[in-house]
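*Asks:* Here you go, sequence then predicted model.
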Amino acid sequence: MVPRGAPARQALTRRARCTPKHERRGSALDLSGAWVLRRFVRRARAAGAAVRFLGTQPDQLRLLDETLKEDGLGGGGRSPAPAGPQPLAAIGRIAVSAGRDLYRALAFGGRVSATLVASLPQPRRLRPISIARHVYDTGITAMPIVALIAFLISVIIAYMSARQLANLGADIYVVDLVTIGVLRELGVLLTAIIVAGRSGSAFAAELGSMRLNEEVDALTATAVDPFEVLVVPRVLGLVIALPLLTIIADLVGLTGGALLCRYLLDMPLTQYATRVEEAIAPTTFWVGVIKAPVFALLIGLAGCYRGLEVRGSARELGRLTTVAVVQAIFMVILADALFAVLFMELDI
């Protein structure tokens with residue numbers, strides 16, 4: 001035990017003054033003892049003595065550091081940090097954390113797949129009413145913003161390309177640029193990004209709030225699988241809704257290009273329609289539509305995964321909601337790049 005009282009402090013001080021280095025072992029430590037040691041360490045170091053704490057437990061070291069750091073004396077209970085490449089250590093920690101997060105994400109996706117496969121023999125377990133509600137929330141209500149952005153983007157592309165191609169006398173190729181760009185890439189990509197910011201964040205926020213309110217734990221306690229009730233309907237609803245939104249974005253984008261060509265290039269709508277038929281191959285439309293379910297799956301999994309990861313506080317909810325949106329957009333763009341390479345190799 002640490003000695004207490006004025007006589008103990010005086011004895012420690014006298015020994016510190018007469019001895020250049022004083023070692024004392026301690027087996028137990030409380031707050032009062034830590035303050036006694038604080039005074040002793042301050043006087044001992046002022047007299048030029050070295051102080052070491054031996055046989056202390058980790059919690060005792062933390063208490064000593066918290067007590068001594070007010071005088072700038074902290075670190076007496078800890079070994080000096082080894083000199084080394086700290087940036088490399090930080091990179092290593094980031095890599096290990098990313099690896100663990102990837103492992104948990106893959107496990108989450110595997111559990112969702114297993115739940116979906118187990119529900120297929122019993123259609124009631126798929127909860128069609130819940131799926132229909134999520135199709136409405138993620139698809140029908142998103143139609144105005146998706147149509148508006150698709151229209152504006154197609155008009156911008158047509159306007160900028162028309163000004164450049166007009167110098168070459170190749171106005172007709174504006175139709176090719178707008179049609180192929182919207183159908184193959186921009187229609188589905190912009191729609192997926194909008195849905196990631198809109199529905200991905202909603203999934204993370206909803207499930208995160210349920211986690212904070214212990215609603216997910218309540219489902220588990222009543223022998224109800226949260227993945228079957230909360231995750232699978234959201235993912236399936238988004239997988240159904242995103243291809244429909246992509247088709248709407250394609251149609252509105254072509255309409256925007258047609259209107260700009262009509263009023264900027266004086267191109268008749270019949271000529272525009274004829275050129276669209278000549279510019280696109282049968283696979284051009286389906287290349288964009290095929291990507292939509294994959295993008296929807298990535299967005300839904302990212303939102304639900306981060307939502308169920310919420311622990312502790314509303315601040316954590318906001319942080320993980322932001323992470324869900326950023327990761328969903330990143331995965332969508334990465335998947336689009338992989339699709340582009342695949343279709344190029346397949347000559348599609």
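*Replies:* Nice, I can see it.
*Asks:* For stretch 271-279, C-alpha coordinates in PDB please.
*Replies:* Backbone C-alpha positions of stretch 271-279 (Å, rounded to 0.1, in the frame of the first residue of the first chain) are rendered in PDB as follows:
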ATOM      1  CA  GLN A 271     -34.700  13.200 -88.800                       C
ATOM      2  CA  TYR A 272     -33.600  13.000 -85.100                       C
ATOM      3  CA  ALA A 273     -35.600   9.700 -84.700                       C
ATOM      4  CA  THR A 274     -34.200   8.200 -87.800                       C
ATOM      5  CA  ARG A 275     -30.700   9.100 -86.800                       C
ATOM      6  CA  VAL A 276     -31.300   7.500 -83.400                       C
ATOM      7  CA  GLU A 277     -32.300   4.200 -85.100                       C
ATOM      8  CA  GLU A 278     -29.100   4.300 -87.200                       C
ATOM      9  CA  ALA A 279     -26.800   5.300 -84.300                       C
END
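*Asks:* Please state the offset of that stretch from the chain centre?
*Replies:* Relative to the chain's own centre, stretch 271-279 is displaced by 42 Å; criterion: C-alpha atoms, centre = their mean, to the nearest Å.
*Asks:* Help me confirm that residue 52 is found in a helix?
*Replies:* No: counting by DSSP: H, G, I helix; E, B strand; the rest coil, residue 52 is not part of a helix but strand.
*Asks:* My guess is residue 292 contacts residue 191. True?
*Replies:* Yes: Residue 292 is within contact range of residue 191, at 7.4 Å (criterion: C-beta atoms under 8 Å). Using the backbone N, CA and C atoms, a C-beta is placed for each residue, glycine as well.
*Asks:* and for those two, which residues touch both?
*Replies:* Shared contacts of residue 292 and residue 191 (C-beta atoms under 8 Å, 6 or more residues apart in numbering): 242, 245-246.
*Asks:* from those residues, which single one is nearest residue 146?
*Replies:* For the shared contacts of residue 292 and residue 191, the minimum distance to residue 146 (C-beta to C-beta) is 5.1 Å, reached by residue 245.
*Asks:* which strands and helices sit next to the helix or strand harbouring residue 117?
*Replies:* Taking DSSP states H and E as the criterion, residue 117 maps to helix 86-119. Where contact means 3 or more C-beta pairs under 8 Å, 6 or more residues apart in numbering; DSSP states H and E, helix 86-119 is packed against helix 232-264, helix 282-308.
*Asks:* quick one, which of those helices is nearest to residue 100?
*Replies:* With C-beta to C-beta as the measure, helix 282-308 is the member of the helices and strands packed on helix 86-119 nearest residue 100 (13.5 Å).
*Asks:* Count the residues that sit near the residue lying closest to residue 279 once chain neighbours are set aside.
*Replies:* Counting by C-beta to C-beta, 6 or more residues apart in numbering, residue 279 lies nearest to residue 176, which is 4.2 Å off, once chain neighbours are set aside. Neighbours of residue 176 under the rule other C-beta atoms under 10 Å: 17.
*Asks:* part of a strand, is residue 176?
*Replies:* No: according to three-state DSSP, residue 176 belongs to no strand; its state is helix.
*Asks:* ok, now how distant is it from residue 344?
*Replies:* 18 Å (C-beta to C-beta, to the nearest Å).
*Asks:* which intervals of the protein have sub-threshold pLDDT?
*Replies:* Applying pLDDT under 70 to the chain flags residues 1-29, 31, 50-51, 53-60, 64, 68-85.
*Asks:* Can you give me the domain assignment for it?
*Replies:* Domain assignment of the chain by automatic domain parsing yields the ranges 6-71, 126-345.
*Asks:* buried ones in the helix or strand hosting residue 161?
*Replies:* Element membership for residue 161, per DSSP H and E: helix 143-166. By neighbour count on 16 or more other C-beta atoms under 10 Å, the buried set for helix 143-166 is 146-147, 149-151, 153-155, 157-158, 161-162, 165.
*Asks:* CA atoms only for that helix - export them in PDB, please.
*Replies:* Extracted C-alpha coordinates of helix 143-166, given in PDB (Å, rounded to 0.1, in the frame of the first residue of the first chain):
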ATOM      1  CA  MET A 143     -39.000   9.900 -60.700                       C
ATOM      2  CA  PRO A 144     -39.200  13.700 -60.800                       C
ATOM      3  CA  ILE A 145     -35.600  14.400 -59.700                       C
ATOM      4  CA  VAL A 146     -34.300  11.600 -61.900                       C
ATOM      5  CA  ALA A 147     -36.200  12.900 -65.000                       C
ATOM      6  CA  LEU A 148     -35.100  16.500 -64.300                       C
ATOM      7  CA  ILE A 149     -31.400  15.700 -64.000                       C
ATOM      8  CA  ALA A 150     -31.500  13.400 -67.000                       C
ATOM      9  CA  PHE A 151     -33.200  16.100 -69.100                       C
ATOM     10  CA  LEU A 152     -30.700  18.800 -68.000                       C
ATOM     11  CA  ILE A 153     -27.600  16.600 -68.600                       C
ATOM     12  CA  SER A 154     -28.700  15.600 -72.100                       C
ATOM     13  CA  VAL A 155     -29.400  19.200 -73.000                       C
ATOM     14  CA  ILE A 156     -25.900  20.200 -71.700                       C
ATOM     15  CA  ILE A 157     -24.200  17.400 -73.600                       C
ATOM     16  CA  ALA A 158     -26.100  18.200 -76.800                       C
ATOM     17  CA  TYR A 159     -25.400  22.000 -76.500                       C
ATOM     18  CA  MET A 160     -21.700  21.600 -75.900                       C
ATOM     19  CA  SER A 161     -21.200  19.000 -78.600                       C
ATOM     20  CA  ALA A 162     -23.300  20.900 -81.100                       C
ATOM     21  CA  ARG A 163     -21.100  24.000 -80.800                       C
ATOM     22  CA  GLN A 164     -17.900  22.000 -81.400                       C
ATOM     23  CA  LEU A 165     -19.300  19.700 -84.200                       C
ATOM     24  CA  ALA A 166     -20.800  22.700 -86.000                       C
END
